[in-house]
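Chemist: quick one: sequence plus predicted model below, questions after.
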Amino acid sequence: MSEIGGGARMSQSELLEKVFHQCFFARELTRLQGEAAEPYYQPWSQSADGIAVVWYRADYEASALHEIAHWCIAGRARRRLMDYGYWYEGDGRDQAAQRRFLQVEARPQALESLFHQAWGSTFHCSLDNLNGDHGDEQAFAKAVSQERQALLNHGLPPRAARFIQALRNRRQQEEC
């Protein structure tokens, strides 16, 4: 929890929502919103108020950072589609489906790890398949690490770089 004006306490996920809002709302008309049963992306065209929403699971800061990573990677065309137009099969995936899932998750989780670092929280790779085939955890962790290094070597997506700077700035404010 963190204190804001008047002594009110905000959870880490609420603080992330605030940082995201300050960083992106005016320019992208997108907000970060918790309390979803399952995370998903709702484009502005599917919203009554014309605002896109990045929904994350419950009030979990890790879920928020993960969903922001997907949003930062998605291009303009993908951000016009529900859940960016990606395939997703929920928990209970078989070996083949888990392999496909892990292939597309390495990059977002690599970016998520950078968000956690900037925010000052701990990152954990997620195989996201509690009731199915987990896949090779070590191979996936290696793939995430390689993607992370590639992002650092070749440059971050612009929105990701902007968000990391906003996270660092917020963290510095907290430490003062």
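Modeler: Happy to help now that I have it.

Chemist: grab the longest helix from this protein for me.
Modeler: Longest helix in the chain by number of residues, with DSSP state H as the criterion: helix 95-119.

Chemist: and the next helix or strand after that one, how far out from the chain's middle?
Modeler: Going down the chain from helix 95-119, the next helix or strand is helix 137-154, by DSSP states H and E. Relative to the chain's own centre, helix 137-154 is displaced by 16 Å; criterion: CA atoms, centre = their mean, to the nearest Å.

Chemist: just stretch 154-167 next, same as before
Modeler: Per CA atoms, centre = their mean, the centroid offset for stretch 154-167 relative to its chain is 12 Å.

Chemist: what does that stretch rub up against?
Modeler: Outside stretch 154-167, the residues that touch it by CB atoms under 8 Å, 6 or more residues apart in numbering are 19-20, 22-24, 28, 68-69, 71-73, 111, 114-115, 118-119, 151. (C-beta placed from N, C-alpha, C; glycine too.)

Chemist: narrow those residues to just the buried residues.
Modeler: By neighbour count, with 16 or more other CB atoms under 10 Å, those hold 19-20, 23-24, 68-69, 71-73, 111, 114-115, 118-119, 151 as buried.
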